[in-house]
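A.B. asks: Kindly generate the corresponding structure for this input.
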Amino acid sequence: MLRVLAVDDEKPLLEELLYLLRSDPRVLSAEGASDATEALRRITRALESGPDGADVIDVVFLDIHMAGLTGLDIARLLAGFARPPLIVFVTAHEGFAVQAFDLKAVDYVLKPVRPERLAEAVRRACAQSGRSGEQPPAAGPEAAPAVPAARAARTAAPETVGAPLAAVAASAASAAARGADRAPEQIAVELGGVTRFVAIADIAYVEAQGDYARLHTDEGSHLVRIPLSTLEERWAARGFVRIHRRHLVALARIDELRLDAGTTTVRVGAAELQVSRRHTRELRDLLMRQAMG
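C.D. replies: Presented below is the predicted three-dimensional model:
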């Protein structure tokens, strides 16, 4: 069974990857590192402990685009060791595949990661590491772990392993369109291969995180791969307003507007969000109109 290190500087994506890896019976352990420095420290400790040490790492699932050293940089450094761990690249970019395989990567998995595609990467890593025979025998039907219906539907879909990113995007767009037809007041979010539908009315504010957006509700938060600018355009009619380059807020969920030493902030539940200078006047006007009915 494999001992795995997953490396990604986007915490929600790292958590998703770890969730999927830990669900695979061929993975003995899966730990995460959120930057290249932490990853190299763990890998160095593993190499120093030897092949039978407690810290050994069999395979590294490695993002390419990270702050500081890239995944390719890390792979080049590891290539200088006598017995480096295997490398599986997990990335949103198709254009580095040639460089990845030049570095003897076991596999090249495109984001968003599909469980069945990741399972194939684990299979290849098992085969190359020689640990495939250590997988425990398959359990009977009565011992099989429960699989959420949404994940089962995705796993059963007849998709080609290693499908191009465009095909994956088209599939996701099709699913989103079906969801929109069925529940136009909801947005689909995914975690660990399970699709949930969050009511837009439950979203208090949205936070930009690169090409992603984090939806904040009273119960928690959800990451979606949609730029904040796109949600701003789609949800303007639902009362969402831009208050900052990083934040989109449901006007009805603003509890307080505060001006302090030239800085404007709003309170949305327990969160206090800064309002940029260019959005301050428009926001005050909107709140005044709302107050006046």
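A.B. asks: got a list of what the residue lying closest to residue 34 once chain neighbours are set aside touches?
C.D. replies: Nearest residue to residue 34, sequence neighbours excluded (Cβ to Cβ, 6 or more residues apart in numbering): residue 9, at 5.6 Å. Heads up, the C-betas are built off the backbone N, CA and C, glycines and all. Contact analysis of residue 9 by Cβ atoms under 8 Å, 6 or more residues apart in numbering lists 34-35, 63, 66-67.
A.B. asks: now residue 107
C.D. replies: Applying Cβ under 8 Å, 6+ apart, we find residue 107 in contact with 88-89, 120-121, 124-125.
A.B. asks: just residue 6 next, same as before
C.D. replies: Listed by Cβ under 8 Å, 6+ apart, the contact partners of residue 6 are 14, 17-18, 21, 30-33, 60-61, 90.
A.B. asks: Just the buried ones from the residues you listed?
C.D. replies: Among the contacts of residue 6, the ones that count as buried by 16 or more other Cβ atoms under 10 Å are 14, 17-18, 21, 30, 32-33, 60-61, 90.
A.B. asks: okay if I get the contacts of residue 9 as TSV plus secondary structure and distance to residue 106?
C.D. replies: Formatted as TSV, the contacts of residue 9 follow (DSSP: H, G, I helix; E, B strand; the rest coil; distance: Cβ to Cβ, whole Å):
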residue	secondary structure	distance to residue 106
34	coil	22
35	coil	22
63	coil	15
66	coil	19
67	coil	25
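A.B. asks: can you pick the most crowded of those?
C.D. replies: When neighbours are taken as other Cβ atoms under 10 Å, the top entry among the contacts of residue 9 is residue 63 (25 neighbours).
A.B. asks: does the residue nearest to residue 34 count as helix, strand or coil?
C.D. replies: Per DSSP: H, G, I helix; E, B strand; the rest coil, the local secondary structure of residue 9 is coil.
A.B. asks: What backbone torsions are found at it?
C.D. replies: Residue 9 adopts backbone torsions of phi -90, psi 0, taken as degrees, to the nearest 10.
A.B. asks: now residue 287
C.D. replies: Backbone geometry at residue 287, expressed as degrees, to the nearest 10, gives phi -70, psi -40.
A.B. asks: How much space separates it from residue 18?
C.D. replies: 42 Å (Cβ to Cβ, to the nearest Å).
A.B. asks: Same check on residue 9?
C.D. replies: Distance of residue 9 to residue 18, computed by Cβ to Cβ: 14 Å.
A.B. asks: got it, and residue 291?
C.D. replies: From residue 291 across to residue 18, the span is 46 Å (Cβ to Cβ).
A.B. asks: Check residue 198 too.
C.D. replies: Residue 198 sits 22 Å away from residue 18, going by Cβ to Cβ.
A.B. asks: rewinding a little: make a markdown table from the contacts of residue 9 and add distance to residue 254 and pLDDT to it.
C.D. replies: Putting the contacts of residue 9 into a markdown table (distance: Cβ to Cβ, whole Å; pLDDT from 0 to 100) gives the following:
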| residue | distance to residue 254 | pLDDT |
| --- | --- | --- |
| 34 | 32 | 91 |
| 35 | 35 | 89 |
| 63 | 36 | 94 |
| 66 | 35 | 87 |
| 67 | 33 | 80 |
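A.B. asks: what's near enough to touch residue 241?
C.D. replies: Counted by Cβ under 8 Å, 6+ apart, residue 241 has contacts 248-249, 251, 279, 282-283, 286.
A.B. asks: And those, which of them are buried?
C.D. replies: Applying the neighbour count, that is 16+ other Cβ under 10 Å, the buried entries in the contacts of residue 241 are 248-249, 251, 279, 283.
A.B. asks: Relative to residue 83, which of those residues is nearest.
C.D. replies: Set against residue 83, the nearest of those by Cβ to Cβ is residue 248 (49.1 Å).
A.B. asks: mind checking which helix or strand the closest one is in?
C.D. replies: Assigned by DSSP states H and E, residue 248 falls within strand 247-250.
A.B. asks: Which secondary structure elements does whichever helix or strand comes after that strand sit against?
C.D. replies: Next along the chain after strand 247-250, taking DSSP H and E as the criterion, comes strand 256-260. Packing contacts for strand 256-260, counted by 3 or more Cβ pairs under 8 Å, 6 or more residues apart in numbering; DSSP states H and E, involve strand 263-268, helix 277-291.
A.B. asks: Kindly reformat those as CSV containing mean pLDDT and distance to residue 110.
C.D. replies: Compiled in CSV, those are given as follows (pLDDT from 0 to 100; distance: least, Cβ to Cβ, whole Å):
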stretch, mean pLDDT, distance to residue 110
strand 263-268, 91, 35
helix 277-291, 83, 36
